[in-house]
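S.K.: no letters, just coordinates:
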């Protein structure tokens, strides 16, 4: 389905031009701009303003998502079949028949029909940019042109497997803190709703003066009991509001700045983006993708906007005749070690190999950061839950001590 895209390009005279275009995919817009003689800086889906809801996309809530596993398995099988000499459409037929994800089946069916209609494989994949990203499309396109499509697909499958393992490790590391947070919310809600009111009634009947901690807890309990139908929808609206705010241009910028400045999390975000950037850069260079096109793709796979803008600046500086490492060194977000390794790669003529070495190093660093983050978060969550629960218990016990003193007197 056609949608609007915002683009930024450099014209023949060196001036920056921005605008909008309606097309079926990012690749279509990219090809149109290149054919008009522009050097493409970025092409991104147009951001929606305000609180507009796209009703046509509500059906996605009920569709099975296409996971990294699905794409990695498909790429491996497809590359293996092509390497064995199986024709494109026949290979797709076999994979479609054994694909369990209904949505992915439909997409692969559309890819097959596009090929039968005369499109190249990269063009057929390009109609589904949400599934087949810029790195995928670039390697497929280079493989089609250079005649090494099966090898490029198998190489891509290895990259997807590595990314999947890293992503899964990060998700697994977040499971324990998430469970602890949920347990804390459930315990606090239960105590405030059912336990605290019962204790307070006993204390009031006994004529015991309630201490400040108990009064504060009672106020929170009364608020929860009397306004629960506002509290929970309010929390949902707050979360939705934050997501809408982050989706705006300024909101995204400040959110991504905050990501890099947060303790513990900042280093993880920076190293994860450098690993993605380096691996994509080295992979595309090693497969014969031109330097400027490589940076176009690299900018799209980097999730943090601040680092993405650094890469876009590097791309502009390269077009003006500077080396790759010089503008990279001007950014405070790129560690000096990374700059030095890229500089050595330029001087030795092995920039692609050096980029892949940087990616390997930072993949390990990300794994270490995830382990460290988990090690720190687990005791913090345990202590936080313990303090909350013990504080609530103390709020109940303090009046009981007063009751015992009155009884003895």
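M.R.: Everything's here; your move. Values in this document were obtained by computation on a predicted structure and should not be read as measured data.
S.K.: so what are the domain limits for this protein?
M.R.: 3-49, 67-132, 161-409 (automatic domain parsing).
S.K.: so which residues of this structure form strands?
M.R.: 3-10, 16-23, 39-45 (DSSP state E).
S.K.: got these as CSV, with mean pLDDT, distance to residue 174 and mean neighbour count columns?
M.R.: In this view, the C-beta of every residue, glycine as well, is placed from N, C-alpha and C. Putting the strands of the chain into CSV (pLDDT from 0 to 100; distance: least, CB to CB, whole Å; neighbours: other CB atoms under 10 Å) gives the following:
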stretch, mean pLDDT, distance to residue 174, mean neighbour count
strand 3-10, 76, 32, 17
strand 16-23, 76, 37, 12
strand 39-45, 72, 27, 18
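S.K.: just send the ones you listed back as a markdown table, with distance to residue 398 too.
M.R.: Shown next, in a markdown table, are those (distance: least, CB to CB, whole Å):
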| stretch | distance to residue 398 |
| --- | --- |
| strand 3-10 | 60 |
| strand 16-23 | 64 |
| strand 39-45 | 57 |
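S.K.: between the ones you listed, which one is nearest to residue 308?
M.R.: Closest of the strands of the chain to residue 308 is strand 39-45, at 8.5 Å (criterion: CB to CB).
S.K.: and the gap between the residue nearest the centre of the chain and residue 264?
M.R.: Nearest to the geometric centre of the chain sits residue 303, at 6.1 Å (CA atoms, centre = their mean). Using CB to CB, to the nearest Å, we find residue 303 at a distance of 18 Å from residue 264.
S.K.: also residue 96?
M.R.: Following CB to CB, the distance that separates residue 96 from residue 264 is 44 Å.
S.K.: next: residue 339.
M.R.: 24 Å.
S.K.: so for these two, which sits in the more crowded spot?
M.R.: Shown here are residue 339 and residue 264; by other CB atoms under 10 Å, residue 339 has more neighbours (18 against 11).
S.K.: tell me which residues touch that one, please.
M.R.: Contacts for residue 339 (CB atoms under 8 Å, 6 or more residues apart in numbering) come out as 325, 328, 329.
S.K.: centre of the chain to the helix ranked longest in the chain, how far?
M.R.: Longest helix in the chain by number of residues (criterion: DSSP state H): helix 351-408. With CA atoms, centre = their mean, to the nearest Å as the basis, helix 351-408 stands 23 Å off its chain's centre.
S.K.: now swap in stretch 172-188 and tell me
M.R.: In terms of CA atoms, centre = their mean, the gap separating the centre of stretch 172-188 from the centre of its chain is 21 Å.
S.K.: mean confidence score for that stretch?
M.R.: For stretch 172-188, mean pLDDT rounds to 83.
S.K.: residue 344 against residue 353, yeah?
M.R.: No. Counting by CB atoms under 8 Å, residue 344 does not reach residue 353; the two are 10.4 Å apart.
S.K.: spell out which residues are contacts of both of those two.
M.R.: Common neighbours of residue 344 and residue 353 (CB under 8 Å, 6+ apart) do not exist.
S.K.: quick check: of the contacts of residue 339, which lies closest to residue 295?
M.R.: When these are compared against residue 295 (criterion: CB to CB), the nearest one is residue 328, at 11.1 Å.
S.K.: near that closest one, how many other residues are there?
M.R.: Neighbours of residue 328 (other CB under 10 Å): 20.
S.K.: and for residue 232?
M.R.: Quick note: residue 232 (other CB under 10 Å) scores 11 neighbours.
S.K.: do a quick rundown of the helices in the stretch 201-350 of the chain.
M.R.: Ranges of helices in the stretch 201-350 of the chain, per DSSP state H, counting those that start in this stretch, are 212-247, 249-261, 265-286, 291-301, 305-319, 325-329, 336-348.
S.K.: I meant to write the stretch 51-200 of the chain there.
M.R.: 68-83, 88-98, 102-116, 121-126, 134-146, 149-190, 196-205.
S.K.: counting contacts, what elements does the shortest one pack onto?
M.R.: Based on contacts counted as 3 or more CB pairs under 8 Å, 6 or more residues apart in numbering; DSSP states H and E, the elements that helix 121-126 packs against are helix 26-35, helix 102-116, helix 134-146.
S.K.: go again using 7 Å as the cut-off
M.R.: helix 102-116, helix 134-146 (3 or more CB pairs under 7 Å, 6 or more residues apart in numbering; DSSP states H and E).
S.K.: buried ones in the longest one?
M.R.: The neighbour-count check on helix 102-116 (16 or more other CB atoms under 10 Å) flags 104, 107, 108, 111, 112, 114, 115 as buried.
S.K.: follow-up on the earlier one: now do the longest helix of the chain and helix 149-190, the angle between them.
M.R.: 10 degrees (axes from the mean of the first three to the mean of the last three CA atoms, to 10 degrees).
S.K.: low-confidence ranges, the stretch 151-300 of the chain, go.
M.R.: For the stretch 151-300 of the chain, applying pLDDT under 70 flags the ranges 204, 206-208.
S.K.: isn't residue 153 right up against residue 78?
M.R.: Yes. With contacts counted by CB atoms under 7 Å, residue 153 reaches residue 78, the gap being 5.8 Å.
S.K.: quick one, which of the strands of the chain is nearest to residue 258?
M.R.: strand 39-45 (20.9 Å).
S.K.: tilt between the closest one and helix 291-301?
M.R.: Using the same axes, to 10 degrees: strand 39-45 against helix 291-301 is 20 degrees.
S.K.: which residues are in contact with strand 39-45?
M.R.: 3, 5-10, 26, 29-30, 33-34, 292, 296, 299, 312, 315, 319 (CB atoms under 7 Å, 6 or more residues apart in numbering).
S.K.: okay, now the sheet partners of it, with direction.
M.R.: If you go by DSSP bridges, strand 39-45 pairs up with strand 3-10 (antiparallel).
S.K.: neighbouring contacts of the partner strand?
M.R.: Under CB under 7 Å, 6+ apart, the answer for strand 3-10 is 16-23, 26, 29, 33, 38-46, 319.
S.K.: re earlier: can I get the helices and strands packed on helix 121-126 in a markdown table with distance to residue 210 and mean pLDDT?
M.R.: Below are the helices and strands packed on helix 121-126 laid out as a markdown table (distance: least, CB to CB, whole Å; pLDDT from 0 to 100):
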| stretch | distance to residue 210 | mean pLDDT |
| --- | --- | --- |
| helix 102-116 | 57 | 89 |
| helix 134-146 | 62 | 84 |
